[in-house]
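Student: Compute the structure for the input listed below.
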Amino acid sequence: MLTCVVFVCSAVLLLYFVVNALSMSFSVVEFLDDESVDVVPSNWLVDDFCWWPPFRPSRLMNAKKREDPDKTTWMTNKARTLGC
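Tutor: Presented below is the predicted three-dimensional model:
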């Protein structure tokens, strides 16, 4: 019985993340300071700036999947949108 509960909970959690990822919109941006290009959640963009978290690369991917910018700890970088 416990195995079934764990499986169902895991399946529900996976479905939640898939639906959440599909409902988010992303943009391709160029960071003007270093001319790098990346894909970021569209809610990270404000005017000519992009919020950027102070995370290691391993945590950065998770942030892109489900985090809103934390305006108290994240930096802003000058950026321009190349596409959405």
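Student: who's in contact with the strand ranked longest in the chain?
Tutor: The longest strand of the chain (DSSP state E) is strand 75-83. Residues outside strand 75-83 that contact it (CB atoms under 8 Å, 6 or more residues apart in numbering) are 27-33, 37, 45-46, 48-52, 54. Yep, even glycine has a C-beta here, placed from its N, CA and C like the rest.
Student: can we see that at 6 Å?
Tutor: Identification of contacts with strand 75-83 by CB atoms under 6 Å, 6 or more residues apart in numbering yields 27-32, 49-52.
Student: tally of neighbours for Cys50?
Tutor: Close neighbours of Cys50, defined as other CB atoms under 10 Å, add up to 25.
Student: Repeat that for Pro54.
Tutor: A count of nearby residues for Pro54, using other CB under 10 Å, gives 10.
Student: Next: the one 5 residues further on.
Tutor: When neighbours are defined as other CB under 10 Å, Arg59 has 12 of them.
Student: what's the helix or strand for it?
Tutor: Secondary structure from DSSP states H and E places Arg59 in helix 57-66.
Student: Give the buried residues for that helix.
Tutor: 63-64 (16 or more other CB atoms under 10 Å).
Student: gap between it and the chain center?
Tutor: On the basis of CA atoms, centre = their mean, to the nearest Å, helix 57-66 sits 6 Å off its chain's mean C-alpha point.
Student: Next: stretch 69-84.
Tutor: 11 Å.
Student: Could you list the low-confidence segments of this structure?
Tutor: Applying pLDDT under 70 to the chain picks out residues 1-23, 84.
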